[in-house]
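[1] Got a predicted structure here, sequence first:
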Amino acid sequence: QAESILTGAIALATTPEGLEQITTRASAHCLLAQVYEQQTRNSEALEQWQTCSELGSIVNPDQPKWLVLAYKALKKAGKL
């Protein structure tokens with residue numbers, strides 16, 4: 001269920017209205033990466049971690065810890 005909610009949030013955030021109004025677009029990607037990791041869907045998790053790291057900001061209170069997780073996952077996979 002979390003996966004469908006997060007993919008819906010990602011889809012909404014990519015609409016013109018979403019791009020204009022949603023400033024925390026990385027959050028859903030960061031959370032979805034964690035869901036995929038729990039499901040051992042590693043390649044999908046890495047894609048989400050990549051997007052998380054590209055869109056994330058340390059200004060958002062939730063994202064610094066997720067950006068650290070993204071960095072670790074991408075480094076472990078040799079993507080950095």
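    That came through, no problem.
[2] residues contacting the most centrally placed residue in the chain?
    Nearest to the mean C-alpha position of the chain, by Cα atoms, centre = their mean, lies His29 at 2.0 Å. Neighbouring residues of His29 by Cβ atoms under 8 Å, 6 or more residues apart in numbering: 10, 48-49, 51-52, 55. C-betas here are computed from N, CA, C, even on glycine.
[3] Same question for Tyr71.
    By Cβ under 8 Å, 6+ apart, the neighbours of Tyr71 are 53, 80.
[4] So for the strand or helix carrying it, what gets flagged as buried?
    For Tyr71, the host element (DSSP states H and E) is helix 63-76. Neighbour counts over helix 63-76 (16 or more other Cβ atoms under 10 Å) mark 63, 66-67, 69-71, 73-74 as buried.
[5] Then stretch 18-29?
    Neighbour-count burial for stretch 18-29, counted by 16+ other Cβ under 10 Å, picks out 24-29.
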